[in-house]
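Have a look at this fold, sequence not included:
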């Protein structure tokens, strides 16, 4: 009973603070392009510490980063940090333990490498895990191919998946390791035993499991472990099974670009509104929406039913409505709540 109560409290806490998440998530499918001339951090063996430094720092998710490193853990991870600070942001594209050395039965080698593209202000840094093998697998030939993409122009970080085992084999591999599937990052990470860790992970919307979004739970006065805590970060989505080309892009919430706001007053009505917004039947069919303040703070996100949006819980003011047709296609509309 005690464990059940603890589980419910953690989920309840995660749900409460989810509205304060400062990050935006975009999921899309793009071509996975393997690096052609990367700098190799390690090959066929993962040592105690691998890193590279940036002569000119880069600002990512509102943090200044000048060093990118892999620590002496077997987990698939990367740290983005600043040499002046004792903390860094920890990114885990998939919470699998890796085999740190080749064994005699392996038929292909593996590598972890990186490549930097573009000039200062527009740099793209790609860290690539090529043919890395999970510590435990259901099939001997199962390997993971993943890229972490850092984009200086918009300050974003993306997880992009290449050739992967079948989804069921990925789940089995993690199950054998005592983990559930989780894609996550930890903001301002100090240590696993830190009195406070805020973990942001890719999950399902509580009200509509067809929606992929960033969730969060706060771990207080407890040592973090992605084995024991992955149950609280569980990722499961039938439309995104981590196959080649699946990308999850994390960016900082900020003011929405006024140039993108649609000036067509007839997309939604009435505007201003008191209780409900109705989508014009002659416009495109939308299946999902988000509402933001003019400052870019996400207020709510829901599946769109019958092309009607309930605004009764909003306080009076100006808002931005983001209407989605499918995937990344959307339209921004400014409206007034009376």
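Thanks, I have it. The structure presented is a predicted model; accordingly, all values stated were derived computationally and were not measured.

Show me the chain divided up by domain.
For the chain, automatic domain parsing gives the domain ranges 2-252, 258-337.

Quickly, which of these bottoms out on average pLDDT?
Lowest mean pLDDT within the domains of the chain: domain 258-337, at a mean of 78.

Okay, the residue lying closest to residue 320 once chain neighbours are set aside and residue 103: tell me how far apart.
For residue 320, ignoring the flanking residues on the chain, the nearest one in space by Cβ to Cβ, 6 or more residues apart in numbering is residue 292 at 4.5 Å. Glycine gets a C-beta too; all of them are placed from N, C-alpha and C. Taking Cβ to Cβ, to the nearest Å as the measure, residue 292 falls 51 Å from residue 103.

Looking only at neighbour counts, state which of these two leads.
Neighbours per residue, other Cβ atoms under 10 Å: of residue 292 and residue 103, the larger number sits with residue 292, 20 against 7.

That one and residue 75, how far apart?
Taken as Cβ to Cβ, the span from residue 292 to residue 75 is 35 Å.

Show me where the stretch 101-250 of the chain has its strands.
Counting by DSSP state E, counting those that start in this stretch, the stretch 101-250 of the chain has strands at residues 111-117, 124-132, 144-151, 156-161, 184-189, 196-204, 212-220, 246-252.

Quick check: the gap between residue 98 and residue 46.
As judged by Cβ to Cβ, residue 98 and residue 46 stand 7 Å apart.

what do the two both touch?
Residues touching both residue 98 and residue 46 by Cβ atoms under 8 Å, 6 or more residues apart in numbering: residue 74.

ok now stretch 163-179, how far from the chain's centre?
Offset of stretch 163-179 from its chain centre (Cα atoms, centre = their mean, to the nearest Å): 19 Å.

How far does it stretch from one end to the other?
Terminal residues of stretch 163-179 lie 21 Å apart, using Cα to Cα, to the nearest Å.

Now do that stretch: everything it contacts.
Contacts for stretch 163-179 (Cβ under 8 Å, 6+ apart): 32, 94-97, 134-139, 142-145, 180-181, 226-227, 230, 241-244.

Which residues belonging to it are considered buried?
Residues of stretch 163-179 classed as buried: 164, 165, 169, 170, 171, 172, 173, 174, 177, 179 (neighbour count, 16 or more other Cβ atoms under 10 Å).

would JSON lines of these with distance to residue 42 be doable?
Output for these, formatted as JSON lines (distance: Cβ to Cβ, whole Å):
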{"residue": "164", "distance to residue 42": "21"}
{"residue": "165", "distance to residue 42": "22"}
{"residue": "169", "distance to residue 42": "25"}
{"residue": "170", "distance to residue 42": "23"}
{"residue": "171", "distance to residue 42": "27"}
{"residue": "172", "distance to residue 42": "26"}
{"residue": "173", "distance to residue 42": "21"}
{"residue": "174", "distance to residue 42": "23"}
{"residue": "177", "distance to residue 42": "21"}
{"residue": "179", "distance to residue 42": "23"}
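
Among those residues, which lie within helices?
Among those, DSSP state H puts 169, 170, 171, 172, 173, 174 in helices.

hmm, back to that, could you dump the strands of the stretch 101-250 of the chain to TSV with distance to residue 299 and mean neighbour count?
Output for the strands of the stretch 101-250 of the chain, formatted as TSV (distance: least, Cβ to Cβ, whole Å; neighbours: other Cβ atoms under 10 Å):
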stretch	distance to residue 299	mean neighbour count
strand 111-117	36	16
strand 124-132	32	20
strand 144-151	26	21
strand 156-161	22	22
strand 184-189	21	21
strand 196-204	19	21
strand 212-220	13	19
strand 246-252	17	19
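
right, and the ones you listed - which one's nearest residue 280?
With Cβ to Cβ as the measure, strand 212-220 is the member of the strands of the stretch 101-250 of the chain nearest residue 280 (26.6 Å).

neighbouring strands for that closest one, and are they parallel or not?
Strand 212-220 has the following strand partners under DSSP bridges: strand 196-204 (antiparallel).

now the angle from the partner strand to strand 156-161?
Inter-element angle recorded for strand 196-204 and strand 156-161: 50 degrees (by axes from the mean of the first three to the mean of the last three Cα atoms, to 10 degrees).

Residues in contact with strand 196-204: which ones?
In contact with strand 196-204 (Cβ under 8 Å, 6+ apart) are residues 21, 23, 25, 182-189, 210-221, 224, 229, 233-237, 248, 250.

do that again at 6 Å, thanks
182-187, 214-220, 224, 233, 235, 248 (Cβ atoms under 6 Å, 6 or more residues apart in numbering).

again with stretch 85-102
Contacts of stretch 85-102 (Cβ under 6 Å, 6+ apart): 44-46, 74-81, 132-135, 146, 159, 177, 179, 182, 184-190, 226, 230.

now stretch 52-68: how far from the chain's centre is it?
19 Å.

same deal with stretch 29-46?
With Cα atoms, centre = their mean, you get 20 Å for stretch 29-46.

Can you tell me the strand partners of the helix or strand where residue 55 lies and which way each runs?
In this structure, residue 55 sits in strand 50-60 according to DSSP states H and E. Each strand paired with strand 50-60, and its direction, by DSSP bridges: strand 63-70 (antiparallel).

now the angle from the strand it pairs with to strand 144-151?
Using the same axes, to 10 degrees: strand 63-70 against strand 144-151 is 160 degrees.
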